[in-house]
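In: Model the structure of this input:
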Amino acid sequence: MSRKPLLCIAGGGTGGHVMPALALADAARDRWPELQVSFIGAERGLEARLLPERGEQVLLLAMHGVKGAGLLQKLRVLLWELPKSVVSIRKAWKQQRPDLLVGVGGYASISGVAAALISRIPVVLYEQNAMPGLVNRTLSRFCKRIMLGFAEATAHLSGGTRMSATGNIVRQVIADVQWQAHAMPRLLVLGGSQGAQVLNQTVPLSCEMLVNEGREFEITHVAGNEAAAKLAREIYQRAGLKAEVLPFCNDMPAFYASGSLMVARSGAMTVSEAAVCGMPTLFVPLPHAADDHQRFNAESLACVGGAVVLSQQELSAESLAATIDEHLFDEKKLAVMSRSAQAWAPFDASDKQLNVLAEFLPVLADADREVAA
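Out: The predicted structure follows:
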């Protein structure tokens, strides 16, 4: 093979787009060691810090979002930033043209997809959520294939047979974790990469109520920042509860392995990881998330009995305490939820996504077939 095939992944902004992009890149390089992977992202996104730290090849664009923006910003993005970004991408591709572009959502994805279409490079979209985002809903009609983290997304896209419900790739170190009952129940709290104020405020008070009622348990609470962690820690200490309160968690496999029940936001990757681990979860979707996608994510797993969905608008310390009490100390109920979650879990997401990519990376696909033979 004289030239190594190149996969370009465009998009990002938040962990909900960046982490699935990295999971896909890592899976592709594991299957095809000769594959090169590059990224296109935004200077304002999480990828601007995370990708260079990993040593990834990334082109960062000066892009802004248009959803909820004023007319002047929309015009600036559409008439200046977008065309300029497309020109920058095509200039970068003069050195090496990608064989395939995958758009993962976020505003940087638009520029990458547009540049690929103009350059006649095949485009595959990857939508992580049960409710597709604005970017992928807009671009879906122009791409070759659409990979879906949740099968429910098919109802909201015009892709027909081009859509494949692949599931979201979960890192193997997390997939290796299997839920089990603990002699001392442990509650996990996870508010996403930025934390969740409502969970940081409500869960400690709920736990204090349970301790006052004589319940014995432990807790690991990821608060999102040190200030929130400090306030939560004070309430747990006041209650005399054994609690590990962290601003961030750098060891998610250990986090999941330690828990009996989790209270969490319902980003696409959190739902997928909880399912793969078989972690019974009380989801509190972010009510202001774009297109209410977190609620759709949570309901997908709740519909099969693997989770419970709680409305933030109706949440109180008292109601949450009652729901935690109903689940955390009922080992049989937790075991049923765990089995239901794993029955739903996307264990084969990596194979399904890479099989889609192989359609547009023929040299690598041929190598796959030779190995199989």
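In: now do the same end-to-end measure for stretch 210-230.
Out: Separation of the first and last residues of stretch 210-230 by CA to CA, to the nearest Å is 21 Å.
In: How far does that stretch sit from its chain's centre?
Out: Here stretch 210-230 is found 24 Å from its chain centre; the criterion is CA atoms, centre = their mean, to the nearest Å.
In: For that stretch, buried residues please.
Out: Within stretch 210-230, the residues that count as buried by 16 or more other CB atoms under 10 Å are 210-211, 215, 217-224, 228-229. All C-beta atoms are positioned from the backbone trio N, CA, C, and that covers glycine.
In: same deal with stretch 309-326?
Out: 309-310, 312, 315, 317, 320-321, 323-325.
In: Show me the contact partners of it.
Out: 187, 198, 202-203, 205-207, 209-210, 213, 215, 261, 263, 266, 282-287, 295, 298-299, 302, 308, 333 (CB atoms under 8 Å, 6 or more residues apart in numbering).
In: now swap in stretch 141-151 and tell me
Out: 20, 103, 113, 117, 122-130, 136, 140, 154, 157-159, 162-168, 268, 272, 296-297, 300, 346, 349, 352-353, 356, 359-360.
In: hey, where'd the strands end up in the stretch 151-300 of the chain?
Out: 163-165, 186-190, 218-222, 243-246, 261-264, 281-283 (DSSP state E, counting those that start in this stretch).
In: Turn those into TSV, including distance to residue 41.
Out: What follows is these, written out as TSV (distance: least, CB to CB, whole Å):
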stretch	distance to residue 41
strand 163-165	25
strand 186-190	25
strand 218-222	25
strand 243-246	27
strand 261-264	26
strand 281-283	28
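In: Would you reformat those strands as CSV and include mean pLDDT and distance to residue 337?
Out: Formatted as CSV, those follow (pLDDT from 0 to 100; distance: least, CB to CB, whole Å):
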stretch, mean pLDDT, distance to residue 337
strand 163-165, 94, 23
strand 186-190, 97, 14
strand 218-222, 97, 19
strand 243-246, 95, 23
strand 261-264, 98, 9
strand 281-283, 98, 8
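In: which one of the ones you listed lies closest to residue 236?
Out: Distance to residue 236, taken as CB to CB, is lowest for strand 243-246 among the strands of the stretch 151-300 of the chain, at 3.7 Å.
In: so where's the stretch 151-300 of the chain uncertain?
Out: 192-195 (pLDDT under 70).
In: where exactly do the helices run in it?
Out: Using DSSP state H, counting those that start in this stretch, the helices of the stretch 151-300 of the chain run over 172-175, 197-212, 226-239, 252-257, 268-277, 293-302.
In: Output these in TSV; the columns should cover distance to residue 34.
Out: Shown next, in TSV, are the helices of the stretch 151-300 of the chain (distance: least, CB to CB, whole Å):
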stretch	distance to residue 34
helix 172-175	21
helix 197-212	44
helix 226-239	43
helix 252-257	29
helix 268-277	28
helix 293-302	35
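In: before we move on, back to that, filter the buried residues of stretch 309-326 down to just the ones in strands.
Out: residue 309 (DSSP state E).
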